[in-house]
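Asker: Sequence plus the predicted model coming up.
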Amino acid sequence: MLLPCPWCGPRNASEFRYVGEQTVRPDPATADPAEWRSYLYMESNPAGWVAENWLHRAGCRRYFAAERHTVTNQVRATRPPDAEAAPAQHADAAAAGRAGEHVREGRP
Amino acid sequence: MTAVSARTGMTLRLEPQPGEVIDRNRPLEFTWNGQRFPAYHGDTIVSALAACGERIFSRSFKYHRPRGLLSASFLDPGCTVQVGDEPNVRGAHRRVEPGMVVSAQNVWPSLRYDVKSVNQVVGRFLTAGFYYKTFIKPQRLWPAYERVLRRFSSGGVVAKDSAHGYYDKRYAHPDVVVAGGGPAGMAAAVAAAEAGAAVLLVEEEYELGGHLRWGDAGQLEALRELRAAVAAAPGVEVMTNSVVNGRYDGNWLGIVQRNLPHVVERLVKARAKTLVVAPGLIERPYVFEGNDLPGVMLSTGVRRLVNLHAVKPGQRAVVLSANPEGDAAIDDLARAGVEVAKVVDGRRGPTIQRATGSRGVQAVECADGTVVDCDLLVTAVGWTAPTALLNMAGDRPVYSERAARFLPSLLPDDVLVAGGIAGDGPLEQLTEHARAVGREAAGRAAETARSLCAGIPQIAERRAGPPDPEPAVALPELPVEDHPALFFSGTRGFVDFSEDVTAKDLIAAAEEGYDSIELVKRYTTVTMGPSQGKLETVNAVAVLAAATGRTIAETGTTVWRPPYAPITLGALAGRIFEPVRHSPMQPWHEAAGATPLVAGAWIRPDSYGDPAGEVRAVRSGVGIIDVTPLGKFDLRGPDVPELLNQLYVNKWSRLDVGSVRYGVMCAEDGVVLDDGVTGRLAEDRYILTATSSGAATVQEWIESWLQTERPDWRIHVTPVTTAYASINVAGPRSRELLGRLVEDVDLANEAFPYMRVRVGRIAGVDGCFMWRIGFTGELSYELHVPASHGLRVWEALLERGADLGVRPFGVEAQRILRLEKGHFIVGQDTDGLTQAYGAGLGWAVKLDKPDFAGRTELVWQSRRDDYFRLVGLQPVDGSVVPPEASQIVLGRGIAGRITSSRMSPTLGRSICLGFVAPSLTGPGTQVTVRLPDGGEVAATVMPQHAHFDPEGTRQRG
């Protein structure tokens, strides 16, 4: 698989670490166990477009957000994690499940 | 085996042939099963043997039937041999070399008289699913079955003392890869190169040319022109004797290259922007009784033998021909002096019924009832399109009734097809089509290059890719011609020669209910042998279709997966790119004879020969240990306390300049992630340390917070693990030793107390920092010295401390020391489920902080008491050291485990850390430890983790 790092350009997937689907860290003050554990462990894993995070571990060591099709491994957008996602790019992802409202990095 | 006498000469060698690849000026000798044989350079192992009249080259997998030449190519299933210490060599492909030692595989006692051919007699018991049915019950006997079966399995011998060959690895980034170097592949490669693409042309044979090489004068002339065009084309790299073994996402191709001097094999990982698949067509065997006898050959096999190697394939032949290539083989046979006794035209109805003979064909019985004596039966019934690489690109080929083969259907944009796999036509039409495909491949590669770099300003211009080709035109369509649907004439023939699967086996499987081709494949192992279905698949599908009353199109085909051809473990292992890290003091450790410990990428001293003695030196005097692998991060910026508060369960806001603090990190699930000390060296400069094995994880963890969650924090993080050599000086006399080397720091206990950090000059080296901490439990100083001076300071410590009895100690001594002191190690004494309270770290967790990583889970854990806890344990019999991971049992259940255990030289007894169930945590509780040998010992739960100096007076002294 070829992943286009937003800083380094297209690189082989072996240079990256898959972080996980984009999730929003719940407010620790108010989160109940179900909510928190859903954040920790649950992935939507759609057969389709998914918004996720990657780390260019063997490259620039930067985290970034990507939209990947889980069937074809096509990547249609990547961007720095704090960049605003263009709403249009999320149309399919939203339809496919839940991913992609907000950019957030998961756990190691 | 020793060579005995040279055999008779090459009696079946023909007069020079126009397309021959042998060099008659370079004769050579090699041995086959201990006998010397002559050959010419350019011969394959098997062509040389065939020229001398040999006909049997192997015994088959299950029934040990004699097998000879079939296709005389890379795929020939009956020609697998052992070459020296290399097993499973494709004898009809590998070129013979002077002195080569070749022997038959899977035979006992010899190829001619193989005892195991008794399997033929009991063959009716070796039917479909034989292994599954016969050796399953009783299950406890499987190891015994396995030992016997292994002796009967095919395959060569792996010599344990073989020298390691040099296997290489390469990464390539061509615009276009053309898989297949026949006329279409060559034409496509040239056209792509002329359109500006960097092209890699891969051919599995030793030479480019495909079927043109065994063709007539006109085809040989066309071959010369195409080869000249390839040689003249700019930017075509040619790899012969090489195979594209797999195609993965984004045209990531694994290519095994064998045409290199001094390199056994090289695995090329190529990222191609466009892949052109042009493997040609593979001739399909015909299924009839006796179709595996030596002397039954495919027409292409005969043509290769005659035209490439100038070998007479037999004396008297029957030919079953259903296509022009078969007719051409008849001409070749006549020219080679073979008497063609009968020609059966497969286009006109009934064909042949069976071939008979014991160790080779002796007679052929035709469908019209005639019986013809012969020693050669040539079949030319049709073709298989090897769509393996297309399968790997997601294509599911569809069957064409007209072409009697599977054709590509839906290809991704970055994969194109050329040549016979795409359709039929005269050479001119195929090469014209291939040229169009080549141009299109170059154009798509350029487009891909542009889109890959789009939006990345710094590289968009730099990597523009190949220039614009001519405007895209629609690819011409190739027609398919009528091919007779000839697959089998009876049910007794072999479908899969490598796996010894007959048509009967497939029918039996269908009768047992295995009606899907994918199930039949797995149940009977048809198409699962070394040729991976390239000869067998379509016949298997045809037999199953007939057995189930469906058409071939309805039955479908199996999915071809990587590898395209069997691959050696050497090629996969390749050259190993594994970095090794060691400290600047490594030369000293090696000279001192230290036992190395491999810890992740690090090599470090495990001991200097006497761990117990090293422990005693630290407890009674002073010792030094190289702790350079300790993860170190230089943090600067006003928001560092925010980061520390977020990452650690402890509180960090009131860490004064000159202080260090021990901290525990948890992941968001509350599980202990890492621990270490962090010191504040200056107002806005901190050094954070992580465990040696956790350093990489911690760095990514820190960066994930800074890059994604809190990009607003003003913090710079620099990993400085290898910028500093780290030395722990430990023991009651460590202050005295250090006093002799440290120049500008007051080491007095009041001036530099426990858990403080100082910056200063050590042994004349500026820019060092040192902190007073105590993993060993002794008075100790951890020195961090600019790495280039590490060895100098290490040697100075040993030299200046000689009269104090200073000794170096290794990781093993340190592990004993810390266990005596009850310090846990993350990952050793905790696992992926150990939350902070379970590890006994409740004292460090500050739940009054509004947020930190893992807080939510720890809040919930703090309200429960149902979790296992880490406790100190001492076996009642202090001479027993329960191995780490021994279970703690309660009744019939598991109630914990030993996580660390050692014999303590200081206490003279065994000591442990372990996890125990909530009911067993009370001090004084006796638990039962089950040892790996089944024995049990009692152990007592201690009031605290520390077995030695629980008050901690020594480290504060």
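Answerer: Perfect, I can see it now.
Asker: and the most centrally placed residue in chain A, what are its bridge partners?
Answerer: When Cα atoms, centre = their mean is applied to chain A, the residue found nearest the centroid is residue A:52 (1.2 Å). Beta-bridge partners recorded for residue A:52 (DSSP bridges): residue A:21, residue A:66.
Asker: any idea of the pLDDT on it?
Answerer: Per-residue pLDDT puts residue A:52 at 94.
Asker: in stretch B:282-294, what counts as buried?
Answerer: Using 16 or more other Cβ atoms under 10 Å in any protein chain shown as the test for burial, stretch B:282-294 gives B:282-294. (Glycine included, C-beta is placed from N, CA and C.)
Asker: nope, stretch B:390-402 is what I meant
Answerer: Buried residues in stretch B:390-402, counted by 16+ other Cβ under 10 Å: B:390, B:391, B:392, B:393, B:395, B:397, B:399, B:400.
Asker: The second one and residue B:559 touch, don't they?
Answerer: Yep, that's residue B:391 we're talking about. Yes - using Cβ atoms under 8 Å, residue B:391 is in contact with residue B:559, at 5.3 Å.
Asker: residues touching residue B:902, list them.
Answerer: If a contact means Cβ atoms under 8 Å, 6 or more residues apart in numbering or on different chains, then residue B:902 has B:815, B:816, B:819, B:881, B:910, B:911 as its contacts.
Asker: Does anything pack onto the strand or helix carrying the third one? Which helices or strands?
Answerer: By that I understand residue B:819. For residue B:819, the host element (DSSP states H and E) is helix B:811-821. Where contact means 3 or more Cβ pairs under 8 Å, 6 or more residues apart in numbering or on different chains; DSSP states H and E, helix B:811-821 is packed against strand B:595-599, strand B:602-607, helix B:611-620, strand B:623-626, strand B:893-904, strand B:909-916.
Asker: so which of the buried residues of stretch B:390-402 also contact chain A?
Answerer: Near chain A, judged by Cβ under 8 Å from any Cβ of the partner chain, there are no entries from those.
Asker: what's the most distant pair in those?
Answerer: Spatial extent of the buried residues of stretch B:390-402 (Cβ to Cβ) is set by the pair B:392 and B:400 at 21.0 Å.
Asker: what pairs with residue B:376 across the strands?
Answerer: residue B:317.
Asker: Please report how far it lies from residue B:71.
Answerer: Distance, residue B:376 to residue B:71, using Cβ to Cβ, to the nearest Å: 14 Å.
Asker: And for the nearest residue to residue B:484 once chain neighbours are set aside, the neighbour number?
Answerer: Leaving aside its sequence neighbours, residue B:484 sits nearest to residue B:322 (Cβ to Cβ, 6 or more residues apart in numbering or on different chains; 4.8 Å). Using other Cβ atoms under 10 Å in any protein chain shown, residue B:322 is surrounded by 24 other residues.
Asker: Tell me who's in contact with residue B:322.
Answerer: By Cβ under 8 Å, 6+ apart, residue B:322 lies in contact with B:345, B:346, B:347, B:380, B:381, B:382, B:483, B:484, B:486.
Asker: could you give the angle of the helix holding residue B:819 to strand B:595-599?
Answerer: With axes from the mean of the first three to the mean of the last three Cα atoms, to 10 degrees applied, the angle from helix B:811-821 to strand B:595-599 works out at 70 degrees.
Asker: Show only the entries of the contacts of residue B:322 found in strands.
Answerer: Residues of the contacts of residue B:322 located in strands (DSSP state E): B:345, B:380.
Asker: Next, the buried residues of stretch B:725-745.
Answerer: Per 16+ other Cβ under 10 Å, stretch B:725-745 contains these buried residues: B:725-735, B:737-738, B:741-742, B:745.
Asker: and which of these is nearest to chain A?
Answerer: residue B:726 (23.1 Å; Cβ to the nearest Cβ).
Asker: how much space between residue B:658 and residue B:770?
Answerer: Computed as Cβ to Cβ, the residue B:658 to residue B:770 distance reads 12 Å.
Asker: Overlap in contacts, the two.
Answerer: Here residue B:658 and residue B:770 have B:757, B:758 as joint contacts, going by Cβ under 8 Å, 6+ apart.
Asker: need the contact list for the residue nearest to residue B:84 when sequence neighbours are not counted.
Answerer: Among residues not flanking residue B:84 along the chain, residue B:101 sits closest, at 5.1 Å (Cβ to Cβ, 6+ apart). Contact analysis of residue B:101 by Cβ under 8 Å, 6+ apart lists B:1, B:30, B:31, B:83, B:84.
Asker: before we move on, which element is the second one in?
Answerer: Using DSSP H and E, the secondary-structure element containing residue B:30 is strand B:23-32.
Asker: any idea of the mean pLDDT in that strand?
Answerer: On average, strand B:23-32 scores 96.
Asker: by contact count, what packs against it?
Answerer: Looks like strand B:23-32 contacts strand B:35-41, helix B:45-51, strand B:101-104 (3+ Cβ pairs under 8 Å, 6+ apart).
Asker: near chain A, which residues of the stretch 151-300 of chain B?
Answerer: B:248, B:249, B:250, B:252, B:271.
Asker: got a winner among those residues for most neighbours?
Answerer: Using other Cβ under 10 Å as the neighbour test, these are led by residue B:250, with 23 neighbours.
Asker: Over to that one. Which of the three states is it?
Answerer: Following DSSP: H, G, I helix; E, B strand; the rest coil, we place residue B:250 in the helix state.
Asker: mean confidence score for stretch B:529-538?
Answerer: Mean predicted confidence for stretch B:529-538 is 88.
Asker: rewinding a little: strands - which of the buried residues of stretch B:390-402 land there?
Answerer: Counting by DSSP E, the buried residues of stretch B:390-402 place B:399, B:400 in strands.
Asker: Show me which of the buried residues of stretch B:390-402 is closest to residue B:922.
Answerer: Taking Cβ to Cβ as the measure, residue B:922 sits nearest to residue B:392 out of the buried residues of stretch B:390-402, at 61.2 Å.
Asker: What separation is there between the closest one and chain A?
Answerer: Shown here: residue B:392 relative to chain A, a distance of 13 Å by Cβ to the nearest Cβ, to the nearest Å.
Asker: Name the nearest residue to that residue, sequence neighbours excluded.
Answerer: Nearest to residue B:392 is residue B:247, by Cβ to Cβ, 6+ apart, at 4.1 Å.
Asker: Double-check that residue B:444 belongs to a strand.
Answerer: No - according to three-state DSSP, residue B:444 belongs to no strand; its state is helix.
Asker: returning to that earlier point: what separates the residue nearest to the centre of chain A from chain B, distance-wise?
Answerer: 12 Å.
Asker: Contact partners for that residue?
Answerer: For residue A:52, the contact set (Cβ under 8 Å, 6+ apart) comprises A:18, A:19, A:20, A:21, A:22, A:65, A:66, A:67, A:68, A:99.
Asker: out of the residues you listed, who's nearest residue B:370?
Answerer: Closest approach to residue B:370 among the contacts of residue A:52 (Cβ to Cβ): residue A:68, at 64.8 Å.
Asker: Fine by me, thanks again.
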